[in-house]
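1. Sequence first, then the predicted structure, then my questions.
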Amino acid sequence: MATFGTLSDRLTETFRNLRKKGQLTPADVDGTVREIRRALLDADVALPVVKEFTAAVRERALGDEVNRALNPAQQVVQIVNDELVGILGGQQRRLQFAKNPPTVIMLAGLQGSGKTTFAGKLAKMLEKDGHTPLLVACDLQRPNAVNQLQVVAERAGAAIYAPEPGNGVGDPVKVARDGVAYATRQQHDIVIIDTAGRLGVDAELMKQAADIRTATQPDEVLFVIDAMIGQDAVNTAKAFQDGVDFTGVVLSKLDGDARGGAALSVASITGRPIIFASTGEGLDDVEPFHPDRMASRILDLGDILTLIEQAQSAFDEAEAMAVAEKLATETFTLEDFLQQMQQMKKMGSMKKMLGMLPGMGNMKQQLEDFDEREIDRTEAIIRSMTLGERRNPKILNGSRRLRIARGSGMTVTDVNQLVQRFDQAAKMMKTVARGGVPNIPGMGPVGGKPGASSKRGKQQKAKGSRSGNPAKRAAENAGVAEANAPTGSGFGLGGQAAPSEADLAELQKMLGRG
């Protein structure tokens, strides 16, 4: 995530230097801990948290678990990951629902922290899970706050209770109490109360929030905090904990460019778990907070589980099976390709998805240069084709390609490149779908020995013994076979047998499931 980008870069560089050492001395550990301390402080992590964190890392790094490890540097990375998970809250905590509906969720925080937008995001997320949330407009101080919540509710497709116009008019405590009663009558199983904020912490804000909590007895009080406000995040969190108390934290604006490390301190300082993370302005840009996955992202170890979950929510399993069947039978067309691209777009930003892959921190510039509109351009080219052209790209002659280029606002070169890339990708996918080994351009067959070719193999095969003595010929041929036997794989794992039919079947099954 952009907010922790600087911290991630600093920690990754520290570990890169550490991996160059075969054995770690106490001086190496102290130097590494010192760099980690600087990185955390530069990222605005609270000083008490930094002291506790680095002390725990140093103690474990000097212990037997590192000294006895085959790869000490990797073990230190694992220790930092474990301790980072700890300051982020340890285990994931889900929303607690009331035994008897409605479940009342109160949002608290400073003005501008993103409470109103998060209210819509939470409502939309809960609706997907089969709930019927009701948004209650209790921010009657900020100009047009009620109107903003009405717009957000409409975009989220959620019901709203807003009897007062706001702009300083109305009693927020009465609105909150009446809103819960209205939800009970209308059989809404969740109530989300959007409260007022201030530019800073003051007695009036705390009294109003405390009165709303007393009147509604919420099951959850979520403290929404801007991940970009710096060291003041800790002081604000303490003030709200003392004045209102809250059961969980929501980190907003994690897509910003600030250092954001103070947000890492909130869970550790307050003892309250981070439940949600808001990663953008769209109503779908929110996700449950997983401390272990966030730690992995910060350390550039990737977040494959979140990527898989997003893919599962965006891709239809039946359609994926149908696509796998088409690949195996060589009936995969540009029309199918277009449908797959549209499903990928449902997953959100390609940059975010690519950023979840391990080691992508080393390709930050490539990620920045990636143009999200490239998918839209590809879609425009395919949509400019007739149905027959999509299903059979072989009929695309020069005049047809010129027409498609003009219709999509692209060039003939762009059309040619798309068709060429589609042909190459389709061939590789067909090979894998059938259980074969794909031949990657410029690399040869995956799993083959580097630089080997079928022609060279034939030449080696032809170099057998031509002796007229059968015994001598057999012995010489055995020597040739032994000399040509593989001595190790490209990954240093020794000679590996070819994948079994069961392995290929499993791979094909995985591909079939999207």
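-> Arrived safely.

2. my read: Ile395 touches Thr386, true?
-> No: in this structure, Ile395 is not within contact of Thr386 by C-beta atoms under 8 Å, at 9.4 Å. From N, CA and C alone the C-beta is placed, and that goes for glycine too.

3. for the closest residue to Leu95 other than its chain neighbours, what are its contacts?
-> Spatial nearest neighbour of Leu95, chain neighbours left out: Glu220 (6.0 Å); criterion: C-beta to C-beta, 6 or more residues apart in numbering. Contact analysis of Glu220 by C-beta atoms under 8 Å, 6 or more residues apart in numbering lists Leu95, Gln96, Thr103, Val104, Ile105, Met106, Thr247, Gly248.

4. rerun that using 10 Å as the cut-off
-> 95-98, 103-107, 190, 192, 246-248, 275 (C-beta atoms under 10 Å, 6 or more residues apart in numbering).

5. Is there a quick ChimeraX command that grabs whichever of those residues are buried?
-> Entered in ChimeraX, the line below selects the buried ones among the contacts of Glu220, by 16 or more other C-beta atoms under 10 Å:
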select :95,98,103,104,105,106,107,190,192,246,247,248,275
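
6. Just to be careful, could you list which of the contacts of Glu220 are in helices?
-> If you go by DSSP state H, the contacts of Glu220 have nothing in helices.

7. for the contacts of Glu220, which one is nearest Lys121?
-> Ranked by distance to Lys121 (C-beta to C-beta), these are led by Ile192 at 10.2 Å.

8. mind showing which ranges of the chain have poor pLDDT?
-> Along the chain, the parts satisfying pLDDT under 70 run over 1-6, 20-22, 64-70, 230-231, 255-260, 262-263, 300-331, 344-372, 425, 428-514.

9. For it, which segments are assigned as strands?
-> Ranges of strands within the chain are 103-108, 133-138, 159-161, 190-195, 220-226, 248-252, 274-278, 286-288, 439-440, 444-445, based on DSSP state E.

10. out of those, which comes closest to Leu122?
-> Of those, nearest to Leu122 by C-beta to C-beta is strand 190-195, at 6.0 Å.

11. Which neighbours in the sheet does the closest one have, and how are they oriented?
-> Strand 190-195 has the following strand partners under DSSP bridges: strand 103-108 (parallel), strand 133-138 (parallel).

12. As TSV, the ones you listed with distance to Arg297 would be great.
-> Putting these into TSV (distance: least, C-beta to C-beta, whole Å) gives the following:
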stretch	distance to Arg297
strand 103-108	25
strand 133-138	29
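
13. closest to Arg10 out of these?
-> That would be strand 103-108 among the strands paired with strand 190-195, by C-beta to C-beta, at 32.7 Å.

14. Just the angle for that closest one relative to strand 220-226, thanks.
-> 30 degrees (axes from the mean of the first three to the mean of the last three C-alpha atoms, to 10 degrees).

15. Pull strand 103-108 out as PDB, backbone CA atoms only.
-> Extracted as PDB, the C-alpha positions of strand 103-108 are listed here (Å, rounded to 0.1, in the frame of the first residue of the first chain):
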ATOM      1  CA  THR A 103     -26.800  -4.800  15.600                       C
ATOM      2  CA  VAL A 104     -25.900  -1.200  16.300                       C
ATOM      3  CA  ILE A 105     -22.600   0.100  14.900                       C
ATOM      4  CA  MET A 106     -21.500   3.600  15.900                       C
ATOM      5  CA  LEU A 107     -18.800   5.400  14.000                       C
ATOM      6  CA  ALA A 108     -16.600   8.000  15.700                       C
END
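
16. can you count the residues close to Pro172?
-> 24 (other C-beta atoms under 10 Å).

17. Could you give the bridge partners of the closest residue to it other than its chain neighbours?
-> Closest residue to Pro172 apart from its sequence neighbours, by C-beta to C-beta, 6+ apart: Cys138 at 4.2 Å. Beta bridges link Cys138 to Thr195 when assigned by DSSP bridges.

18. Would you check that Cys138 makes contact with Ala176?
-> Yes: counting by C-beta atoms under 10 Å, Cys138 does reach Ala176; the two are 5.0 Å apart.

19. which residues do these two both contact?
-> Met106, Tyr161, Ile193, Asp194, Thr195, Gln208, Ile212, Thr216.

20. mind listing what the second one touches?
-> With contact taken as C-beta under 10 Å, 6+ apart, Tyr161 is in contact with 134-138, 149, 153, 175-176, 178-183, 186, 188, 191, 193.

21. how about 8 Å then?
-> With the criterion set at C-beta under 8 Å, 6+ apart, Tyr161 makes contact with Leu134, Leu135, Val136, Ala137, Val175, Asp178, Gly179, Tyr182, Ala183.

22. Can you check those residues and name whichever has the most neighbours?
-> Val136 (33 neighbours).

23. So for Cys138 and Ala176, which sits in the more crowded spot?
-> Neighbours per residue (other C-beta under 10 Å) separate Cys138 from Ala176, with Cys138 holding more: 32 against 26.
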